[in-house]
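Participant: A structural model of the following input is requested.
(2 chains)
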Amino acid sequence: MKRKVAALEKVDADLVSLQYKIRRDPKSYAQEFYDQYLAYDAQKQIFLSAPTTASAEDVKNFHDLVDMIAHVADCYPEMSGQFAEDLKALITQHHATLDPELREKVVGSLALIKRKEIIDSTSLLTTLFPILVSTPSKTLRALLFQRILSDLREANSKSINHRLNRTIQTVLHNLVTSDKTSAKAIWAVKLTRELWKRQIWTDAKPVDVMKEACLADNEKVVVGGVRFFLGGDKEREELEDDESDAEAVDLKKVAHQVGINKKSKKREKAYKKAVEKVHRQEKKKNAPHPLNFSALHLLHDPQGFAEQLFQKHLQNTKAKLTLEHKLLVLQLVTRLVGLHKLTVISLYSWFTKYLTPKQANVTSFLASLAQGTHNLVPPDALEPLIVKIANEFVSEAAASEVAAAGINAIREICVRQPLAMNETLLQDLVQYRKSKDKGVMMAAKGLLSLYREVGADLLKKRDRGKDATIGLRTGELKNRKFGEEEVGGIEGLELLAKWKEEEKKRKREAKEANGEGKEGEDSEEEEEDDEWEVASLESGDSGGWINVSDDEDQAPPLKKARTDSEAPALVEEKTEEDREAELKRITELATTAILTPADLAKLQELRLQAKLDQAMGNRSNKHSKALAARHTDDGLTAEQIELPAKLRKSTKEERIAMAKEGKPERGEHKSTQAIRRSKKDAEGKSTTNKEKARKKNFLMTIGKAKAKNKRSLVETRRVLKGHIERSKRGGKRGNIGC
Amino acid sequence: MGSSNRKKNEKAKDFKKAKLRVGKAKPQASNFTDTSFKSKAIVVNQQSLSGTAPDPVEQFKHNLSLASSSRSDSQRKDALAYLTSQLSAKPPNNPVGTSAILTKLLPLVSDSYTSVRGQLLKLFRALPPAEVCPDVEKALMYVRAGMTHLSPEIRTDTLNVLEWLLDIAGDEVVSCPGGWMKTLNSFSAMLGWNPSIGNATGSKGWTTASKATLGATKGGNAQARQIQILARFLQTGFKPDSQLVHNPQAFWDSIYRVPRRPNPFAYLNLFGPARDEEGEMYPDRESRQRVFFSRWNKAITKGLEEAKKEGGAVGRAAATLDQTLKEGMGDYKGEPEARAV
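Facilitator: Alright, predicted model coming up:
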């Protein structure tokens, strides 16, 4: 017995091996742990007596002891009760002066004992976050940020930890609101954005934090907040796409490998893991789509927010944002105004002074203006702006790009509020469609085609075009008045009704064709069952309705008018009553039947198809396709205003470079063949068969050449036939499968 | 055809022996790597290039820094030896002061080389005792760290340092903050006489966990030495407070004179972090007795009984300790309420 103990005692003075032993058998090594805990205590005291001037030796000893104790603290909760508090106090009080390595170790140890559930997430985060905010060290900040983020992710991985989230969100909110001038709030912004991106926080509270950040006094914080609203959701979507694209596991392959290879626990585990992963992916695929509202939609009181933003950062002459940041804020304000149809009247007069061609980034201003316009903006507020744009940008003297940008901007504004245009100005602008510059010409044509749909009576008679003239005469084309809304309906419902009818007809025909064929009936019933099953299964989730509401906004009035006017003959034939009956029949579908999620999915598909058809058939240029694909939630960018200026996609240099690409270097005067040959040599590649044949020694070929001359006709024929056959077969051995 | 010939030649070239020619350099191998480098200056570490002999102060400082931070153990030892010789010269040559030396060299208490630790002890013994007194608290921290070190050699050598401290400044050792309780803690850990371990691991029953200690109860000389030093420590702690000679000026001195001791108001703990029971200072005999009785008496007595049975060196040391305890705690009456509990 004694000998055994002695054998156990033969231990080298090594904390790592001690740690390993403690892990194996905590009870037997309690004494050792206690010793080391005392040693740690003594080292801590030494360290705390002079934290700034501690010798490297001491720091290293302390570092090792902290590491060891953190790893095994969970085995002796009573002895190491004070440990977590010690570490917290240490990092909180001395983070600025600690040795970087030790600091890192303390942070890591805290995370470790959190993982061992000695402390909880809340206490860890409330320790680390104040340090993150206050420390001057960049590396520590990076470390802490990463730690905090990973801890929050981990805490929310199994199920959403509402309590923790609420606590942290409150901390962040307080941080942002407590001192509006300090740059510390940037960390709140960063953290929130990151968690938003990863869909850990998706509710209104983080949006509120960002809103407060936007209204801060510190420029960095403001820009961080604004950028979040402008790009945070896109970032989130992109990340989600990336994740869903993540590599799929080929279960068959793994199973096959397991069958062939030597059986080992590792392989077995790998197989189990793969199966689990596939299951998880399946589950994920079938899971209802989470309702992810964009940050702009989750805003509480957008009107107040937009007004405050505008007053604080734009209207206020004392605000000292740089132009670039001002533009960002402006973009956000106008996005809010356009999206929520807010009324900020002073915004439009504010624009006046920026609408000159000399203004830097004027296209961004133009885009923002167009973005901030919607059909409830009083035309009186917009008209002076349009006149100003026309005067400043659109003239014979102005450069063609400037004129094109001006007309484009006017068109974008008028798409959103057609009533802002007056007759004379429009007729003037439309004249530019005869311009020699393609950009200006296209822009003017765009404006013309817009007004053919939304306000043909403003145009001269000869400019109206056939469809608009007919529409005006039949009274079908009516101008909407200010504030008038389109009669609501579900867009594309008629398509669905039509599709359903067709399906029914098709089935009936199939039935008739089959006679009493039982098989057909069965399968049909099955099909129907399937559909219903899909529908009833998914009817619990409410994924469908967002799409509908989204696209209701999107339904541009011009397109509807277009679809109808595509077949003018048909329209004329139809009487008023017919159309009313049609309308009734369509709405009947919505009022009599419940649209299942399967229906809604089909509806969405049909709508997309219709839109695509329209874009493909009617207007086939890229620009209009892009227009059709644009979502109302997406903002308008300066590029879209400048678009025609970039019709010539590349400069001359670029084109030359493109042409030169892939061609051999012309520095040395050699034949192309020789250059290619040398390139191949350099790559270590062989010659082609042709080249080999060409290089073949003459004396070797001469025998065959002579023999060829002496062949009989039959022989020649056979050879030629053989050649043809070989070429058909694909060489002497032939291609397998051909 | 031609190309294959060429390739053959190319291949053959690899195996040809390069001809040496008179007056020409040897051709370089294909895998030759140019390792030459250029530098504007050459920096030689730890080498003084001055023509004159270094002045003794600088030399002392240089050796001090070598002793505390050199990576080579022999260099550390030599530097310590040099410092020792300087300190033990008559008159002692110490340009930096005892306190600075202690600050620099105390971490060496847990140095991993025996020779360095031995030399360090010699150096400590050469220091003037009076000047060590103010730094006893700091020295004790390192001693405690050393006493709980993983390696038994370091533990044993640390005891020598503690013995030295007891020799020169016994009163300060037992009365400085943490000096009494924490050092006793370390002793109990060292000897394995720990009452709180069983509870901590959750073994509440009558069995005890098997002791797989790293050298705490090695028995023999090491343990005997530990017990011996503990006895000395307790002896110092339980030494009757010396009767102060009546000084008629004392009252006035305490009012009007600047105190002569360093940190005379330490017991108020005005600037440090709050102390707990273990870190508190126990300035007089009675308080030390009280806290010893409440916390350690039982554990030490139990350990002592076991040690006494062992006989040999350990037994003798245990007998000494027993004697010390009897003398020290003999007059302790204990607190009635504490006993009741």
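Participant: mind listing what's buried along stretch B:309-328?
Facilitator: Within stretch B:309-328, the residues scored as buried using 16 or more other Cβ atoms under 10 Å in any protein chain shown are B:310, B:313-314, B:317-318, B:320-322, B:324-325, B:328. In this view, the C-beta of every residue, glycine as well, is placed from N, C-alpha and C.
Participant: is that stretch in proximity to chain A?
Facilitator: No - figure legend: stretch B:309-328 not in contact with chain A (Cβ under 8 Å from any Cβ of the partner chain); closest approach 13.0 Å.
Participant: one more: stretch B:100-114?
Facilitator: Yes - remark: stretch B:100-114 sits within contact range of chain A at B:104, B:107, B:110, by Cβ under 8 Å from any Cβ.
Participant: for those, which one is nearest chain A?
Facilitator: Set against chain A, the nearest of the residues of stretch B:100-114 next to chain A by Cβ to the nearest Cβ is residue B:107 (4.6 Å).
Participant: from residue A:186, how far out is the closest one?
Facilitator: 41 Å (Cβ to Cβ, to the nearest Å).
Participant: same check on residue A:482?
Facilitator: From residue A:482 to residue A:186 the distance is 44 Å (Cβ to Cβ).
Participant: got the buried residues of stretch B:309-328 as CSV, with distance to residue A:651 columns?
Facilitator: Formatted as CSV, the buried residues of stretch B:309-328 follow (distance: Cβ to Cβ, whole Å):
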residue, distance to residue A:651
B:310, 96
B:313, 96
B:314, 94
B:317, 95
B:318, 97
B:320, 98
B:321, 95
B:322, 100
B:324, 97
B:325, 98
B:328, 97
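Participant: so which of the residues you listed belong to strands?
Facilitator: Secondary structure from DSSP state E places none of the buried residues of stretch B:309-328 in strands.
Participant: give me the lowest-pLDDT entry from these.
Facilitator: In terms of pLDDT, the lowest of those is residue B:310, showing 74.
Participant: what about residue A:172, neighbour count?
Facilitator: The local packing of residue A:172 (other Cβ atoms under 10 Å in any protein chain shown) involves 26 other residues.
Participant: can you pull out the strands in chain B?
Facilitator: Using DSSP E, strands in chain B do not occur.
Participant: of all the helix elements in it, which one is longest?
Facilitator: Criterion DSSP state H: the longest helix present in chain B is helix B:152-175.
Participant: show me what it is packed against.
Facilitator: The contact analysis (3 or more Cβ pairs under 8 Å, 6 or more residues apart in numbering or on different chains; DSSP states H and E) places helix B:152-175 against helix B:114-126, helix B:129-132, helix B:136-147, helix B:181-191, helix B:220-237.
Participant: ok, now with 10 Å
Facilitator: Other helices and strands packing on helix B:152-175, by 3 or more Cβ pairs under 10 Å, 6 or more residues apart in numbering or on different chains; DSSP states H and E, are helix B:114-126, helix B:129-132, helix B:136-147, helix B:181-191, helix B:220-237, helix B:285-295.
Participant: run the chain-centre distance for the second one.
Facilitator: If you compare the mean C-alpha spot of helix B:129-132 with that of the full chain, they lie 18 Å apart, counting by Cα atoms, centre = their mean, to the nearest Å.
Participant: run through who's touching it.
Facilitator: B:94, B:97-99, B:101-102, B:124, B:139, B:164-165, B:167-169, B:172 (Cβ atoms under 10 Å, 6 or more residues apart in numbering or on different chains).
Participant: picking that back up, and the longest helix of chain B, what's buried?
Facilitator: Those buried within helix B:152-175 under the rule 16+ other Cβ under 10 Å are B:152, B:154-166, B:168-175.
Participant: show the backbone phi and psi for residue B:40.
Facilitator: The phi and psi torsions at residue B:40 (degrees, to the nearest 10) take the values phi -80, psi -30.
Participant: what's the pLDDT at it?
Facilitator: Residue B:40 is assigned a pLDDT of 88 by the prediction.
Participant: quick check: closest non-adjacent residue to residue A:369.
Facilitator: Nearest non-adjacent residue to residue A:369, counting by Cβ to Cβ, 6 or more residues apart in numbering or on different chains: residue A:351, 5.4 Å away.
Participant: now do the helix or strand hosting residue A:228: which elements does it pack against?
Facilitator: Taking DSSP states H and E as the criterion, residue A:228 maps to helix A:219-244. In terms of contacts (3+ Cβ pairs under 10 Å, 6+ apart), helix A:219-244 is packed against helix A:185-197, helix A:204-214, helix A:265-286, helix A:295-298, helix A:302-309, helix A:323-340.
Participant: so what's the most centrally placed residue in chain A up against?
Facilitator: Chain A has residue A:238 as the residue nearest its centroid, 3.0 Å off, counting by Cα atoms, centre = their mean. Contacts of residue A:238 were listed using Cβ under 10 Å, 6+ apart, and they are A:197, A:231.
Participant: quick one: it from chain B, how far?
Facilitator: Per Cβ to the nearest Cβ, to the nearest Å, residue A:238 is found 47 Å from chain B.
Participant: in terms of pLDDT, where does residue B:212 sit?
Facilitator: For residue B:212, pLDDT reads 41.
Participant: can you classify residue A:479 as helix, strand or coil?
Facilitator: Classification of residue A:479 using DSSP: H, G, I helix; E, B strand; the rest coil returns coil.
Participant: so where's the stretch 1-150 of chain B shaky on pLDDT?
Facilitator: B:1-3, B:47-51 (pLDDT under 70).
Participant: which residues of it lie near chain A?
Facilitator: B:1-3, B:68-69, B:103-108, B:110-112, B:137-138, B:140-150 (Cβ under 10 Å from any Cβ of the partner chain).
Participant: going through these, which ones are buried?
Facilitator: Neighbour counting over the residues of the stretch 1-150 of chain B next to chain A (16+ other Cβ under 10 Å) leaves B:68, B:103-108, B:110-111, B:137-138, B:140-150 as the buried ones.
Participant: contacts only, for the residue most central in space within chain B.
Facilitator: Centroid-nearest residue in chain B: residue B:109, 3.1 Å away (criterion: Cα atoms, centre = their mean). Listed by Cβ under 10 Å, 6+ apart, the contact set of residue B:109 reads B:117, B:120-121, B:124, B:139, B:141-147, B:149, B:154, B:157-158, B:160-162.
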